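1. Provide a 3D model corresponding to the input given below.
(one chain, ligands or ions: 2)
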Amino acid sequence: MRGALGGPRVLLRRLREVMAEPVSAQDRLDKIVVLIAANMVAEVCSVYVLRVDGTLELYATEGLNREAVHQTVLKSHEGLVGLVASEANPINLSEAQAHPAFSYRPETGEEIYHSFLGVPILRAGTTLGVLVVQNRARRTYTEEEEEALLTTSMVLAEMIASGELSALARPGAEPVARHAVHFSGTSLSDGIALGHVVLHEPRVVITNVIADDVPRELKRLEAAVATLRADLDRLVEHRDVVEGGEHRDVLEAYRMFSYDQGWLRKIREAVSTGITAEAAVERVQSDTRARMLRASDPYLRDRLHDLDDLANRLMRVLSGKDHAPSKEQLPDNAIVVARSMGPAALLDYDRKKLRGLILEEGGPTSHVSIVARALGIPAVGEIENATGLVEVGDAIIVDGTTGQVHMRPSSDVEAAYAERVRLRARRQAQYSALRDRPCRTKDGCDITLMINAGLAIDLPHIEETGAAGVGLFRTELQFLVANALPRTGEQLSLYRTVLDAAGRLPVIFRTLDIGGDKVLPYLRNIEEENRALGWRAIRLGLDRPGLLRSQVRALLRAAGGRHLRVMFPMIATVEEFDQAKSLVEIELTHLRRHGHTLPERVEIGTMVEVPSLLFQLDELLDRVDFLSVGSNDLMQFLYAADRGNTRVAGRFDPLSTPVLRALKEIADKGKVHGKPVSLCGELASQPIGALALAILGYRSMSLSPSAVGPVKALLLDLDCGKGEKEILPLLERPVGSVSVREKLESFAAAEGLQL
Ligand code: PEP
Ligand code: MG
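-> Numbering: from 1, shown residues only. Ligands and ions are numbered 1, 2, ... in the order given. Below you'll find the predicted structure:
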């Protein structure tokens, strides 16, 4: 840097000394601005800190009027400083006053300065403040100077993030870093938890920003890049096993980016300004994150995400740190915060300590959400930049019921939530008291309540809830949470464990329902325009029967000497059912021939989730042993509304006349044919849905385990006959004359039923 006193390396070294001095926060800041101004031959150097109210407060200055410190407060978009903060980009001008955003505060006396260089103070992509240098003369700051100022701002970012400056702030005007923030995301798993932040991919804490030996740092960087590439090559080439459940195409993108010359050049340049390789990666990563948060183009955002992940990997190679937080470090009430996560990674955490999960990505159908629900831990997704906004150990509340997240909550928010947790626990105790009571309505109708499950971790729920069995065992979950295709032996062992846990209670195993939104990371995925309507579930099973046959064999062997119930997903025609059933018979014959112990009895049924079955019920019921309605898919197909798309999800009501008529038709036909009909979609897990189903004639339902208590409490208080009289006639009336949901609600209110 020409004209500078000693260049950036000397400045960094002096800053290191100032950071170590035992002085007050204000004195430290004052010394820092003096040092920077002197080193950069600038007449002015100022630090603005972003506050919780979104404004920027002048915290220190060399060159402007000292009286303006803590007095001058700029709005978030005010002037050039506001622009640097809102765009998270440097602004470098030889004639600042000619810029349309220029404005000045007379109390600072800055009108005499013409040149301006402002850089954002960034941490993990989040703007914490702005660092500015100014000169009277019209000069252009060199690229090197801009780089040096950005590097310097990292030291300030650490200082702000440490909370040191909070002591200088007025209440309500604290620095945004380290303060209470509240976000709304998507609810992934029900429940409320209070705890402390654990970063799934902990930021490597850089203890040494300033390099002692730049050529050595450059060498370390090159070596780490080589290791990173070799690691990625190995992962991509390894066909079956995928680390942490990451998709192969993501790894391929990482590999491509690891050769991106622009990215590598930026990191090398940052090292050349005098910082360590780790600090350089962090600087470039912070810049990438800031761009990512502001990018509206989804493609660009994805690519920036990839670059961000790649920087994490490179950082881990450089620091030699393992990426999973070690078990001993886990606090007793850990709330894990992650960009995204595979299901297996969540299962690796100590269950006794894991309380909640917060993700930047991840929808309700993501595999990790399925596992969070099975573990019964609250989870919220779609919290933008969650990992950048928290520090390890921060207090945090996750409300999976409403999708809210409170970071560093105030004491009254914390107290309110603690009260809600106590209330929920009390209600849970009331439900537990109902555990051994038979589920019989007030007027004597017996209703069988079973649970939905899919993993071994679900099995204790049978006992806990007092359920009458497992009405839907989603076998694909074992496949979804695995890193590689589960072998027949592994399937067999899971099915045996399930049957052992259930004892004399029935379990309905559903054969693999993969495809659609259930994508297996280790299999190459076929691109389909419309996956929900594509090659999935039984369609795949019948066209490529290898996987289905080995699964059926595992089921038959696991149930040797016992009663086996199997059901097929996504059957659309009776022929498909016949084909699938004959496949089971072939496997039975095969096992018999090889002398295996066969199940004492095999019952075969199907899900009713494709509307075409509504018009083949008589033929279907002649063939099956039982039916189970999949209301999640049936709803999506009846209304042609993607079940995972929030834009259309609220548009159609499962408690509307067309759906209820269809459901009633299925229950009625089941009775005529003397075949059991159950329902295992989400509808049965909502008390109002279960109420409707009981009234429609459903005498068996399969629910998520957490719903058994509330649904049972409601059914015990229900006079089913009265409900039938009030609600069923509504289904005969012309559609549109009355909302069935409202009627159900007013019926429940009049009867004192808790929805
Ligand atoms: C359904 O579609 O209602 C169902 C129970 O199956 P899944 O949610 O697994 O598709
Ligand atoms: Mg389904």
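
2. going forward, measure contacts between C-alpha atoms and count neighbours the same way
-> OK.

3. contacting residues around the closest residue to ligand 1 within the stretch 551-700 of the chain?
-> For the stretch 551-700 of the chain, the nearest residue to ligand 1 under the criterion CA to the nearest ligand atom is G630, separated by 3.0 Å. Under the criterion of CA atoms under 8 Å, 6 or more residues apart in numbering, the neighbours of G630 are 607-609, 679-681.

4. okay, it and L663: tell me how far apart.
-> 10 Å (CA to CA, to the nearest Å).

5. I36 contacts L12, doesn't it?
-> No: using CA atoms under 8 Å as the test, I36 is too far from L12 to be in contact (9.3 Å).

6. the two: which has the busier surroundings?
-> For I36 against L12, the residue with the higher neighbour count under other CA atoms under 10 Å is I36, and the figures read 27 against 24.

7. now do the same for that one: helix, strand or coil?
-> Three states are possible here, and by DSSP: H, G, I helix; E, B strand; the rest coil the one that applies to I36 is helix.

8. for L505, helix, strand, or coil?
-> At L505, secondary structure determined by three-state DSSP is coil.

9. ok, the closest residue to it other than its chain neighbours - how many residues close by?
-> Using CA to CA, 6 or more residues apart in numbering and skipping residues adjacent in sequence, the residue nearest L505 is G469, 4.9 Å away. G469 is surrounded by 22 other residues when neighbours are defined as other CA under 10 Å.

10. show me the contacts for G469.
-> 449-451, 462, 502, 505-507.

11. cool, A692 as well?
-> The neighbourhood of A692, defined by CA under 8 Å, 6+ apart, consists of 655, 744.

12. need the phi and psi values for it.
-> Phi and psi for A692, reported as degrees, to the nearest 10, are phi -60, psi -40.

13. look up how far Y259 lies from it.
-> According to CA to CA, A692 and Y259 sit 59 Å apart.

14. what does L449 give?
-> When L449 is compared with Y259 (using CA to CA), they lie 56 Å apart.

15. those two: which has the busier surroundings?
-> Using other CA under 10 Å, the more surrounded residue of L449 and Y259 is L449, with 26 against 13.

16. isn't the more buried one right next to Y698, touching?
-> No: counting by CA under 8 Å, L449 does not reach Y698; the two are 10.7 Å apart.

17. what comes up buried for the one helix or strand A253 maps to?
-> The secondary structure element spanning A253 is helix 248-257 (assigned by DSSP states H and E). Within helix 248-257, the residues that qualify as buried by neighbour count (16 or more other CA atoms under 10 Å) are 248, 251-252, 254-255, 257.

18. of those residues, which is the nearest to A482?
-> Within the buried residues of helix 248-257, proximity to A482 (CA to CA) peaks at R248, which comes in at 14.4 Å.

19. ok, and the closest non-adjacent residue to the closest residue to ligand 1 within the stretch 401-550 of the chain?
-> When distances are taken as CA to the nearest ligand atom, the stretch 401-550 of the chain reaches nearest to ligand 1 at R474, 6.5 Å away. Leaving aside its chain neighbours, R474 sits nearest to G454 (4.5 Å; criterion: CA to CA, 6+ apart).

20. go on, R301?
-> On the basis of CA to CA, 6+ apart, the spatially nearest residue to R301 that is not a chain neighbour turns out to be M292, at 5.3 Å.

21. again, but for N333
-> Spatial nearest neighbour of N333, chain neighbours left out: G195 (4.8 Å); criterion: CA to CA, 6+ apart.

22. list phi and psi for the residue in the stretch 151-300 of the chain positioned nearest to ligand 1.
-> The minimum distance from the stretch 151-300 of the chain to ligand 1, using CA to the nearest ligand atom, falls at L188 (14.3 Å). L188 adopts backbone torsions of phi -110, psi -30, taken as degrees, to the nearest 10.

23. ok so, going back, show me how to select, in ChimeraX, the buried members of the contacts of G469.
-> What follows is the ChimeraX syntax selecting those of the contacts of G469 that are buried according to 16+ other CA under 10 Å:
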select :449,450,451,462,502,506,507
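
24. please name the bridge partners of I275.
-> Listed by DSSP bridges, the beta-bridge partners for I275 are I210.

25. ok, it touching D213?
-> No: the pair I275 / D213 is not scored as a contact, 9.1 Å apart, by CA under 8 Å.

26. of these two, who's got more company?
-> For I275 versus D213, neighbours defined as other CA under 10 Å are more numerous around I275 (27 against 11).

27. near ligand 1, which residues of the stretch 401-550 of the chain show up?
-> In this structure, the stretch 401-550 of the chain does not approach ligand 1 anywhere, judged by CA under 6 Å from any ligand atom.

28. in the stretch 401-550 of the chain, where is pLDDT below threshold?
-> Counting by pLDDT under 70, the stretch 401-550 of the chain shows low-confidence ranges at 517, 524-525.

29. repeat that for 90
-> Judged against pLDDT under 90, the low-scoring parts of the stretch 401-550 of the chain cover residues 410, 457, 480-485, 514-532.

30. ranges for the helices of it?
-> Per DSSP state H, counting those that start in this stretch, the stretch 401-550 of the chain carries helices over the ranges 411-433, 460-465, 476-481, 488-502, 537-543, 545-558.

31. the fourth one to helix 545-558, inter-axis angle?
-> Think helix 488-502. In terms of direction (axes from the mean of the first three to the mean of the last three CA atoms, to 10 degrees), helix 488-502 departs from helix 545-558 by 40 degrees.

32. if we can go back for a sec, could the buried residues of helix 248-257 go into CSV alongside distance to S702 and pLDDT?
-> Rendered in CSV, the data for the buried residues of helix 248-257 read as follows (distance: CA to CA, whole Å; pLDDT from 0 to 100):
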residue, distance to S702, pLDDT
R248, 35, 68
L251, 39, 76
E252, 41, 80
Y254, 42, 83
R255, 45, 86
F257, 47, 85
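
33. and the residues you listed, which two are the farthest apart?
-> The two members of the buried residues of helix 248-257 with the most space between them (CA to CA) are R248 and F257, at 14.3 Å.

34. re the thing from before, which residues does the residue nearest to N333 bridge with?
-> Going by DSSP bridges, G195 forms beta bridges with I396.

35. number of residues surrounding it?
-> 21.

36. distance check, it against D436.
-> Taking CA to CA as the measure, G195 and D436 are separated by 33 Å.

37. okay, now the domains of this protein?
-> Following the assignment in automatic domain parsing, the chain carries domains at 8-168, 181-202+325-425, 214-319, 434-751.

38. where among those is the average confidence lowest?
-> Mean pLDDT values for the domains of the chain show the minimum at domain 214-319, a mean of 84.
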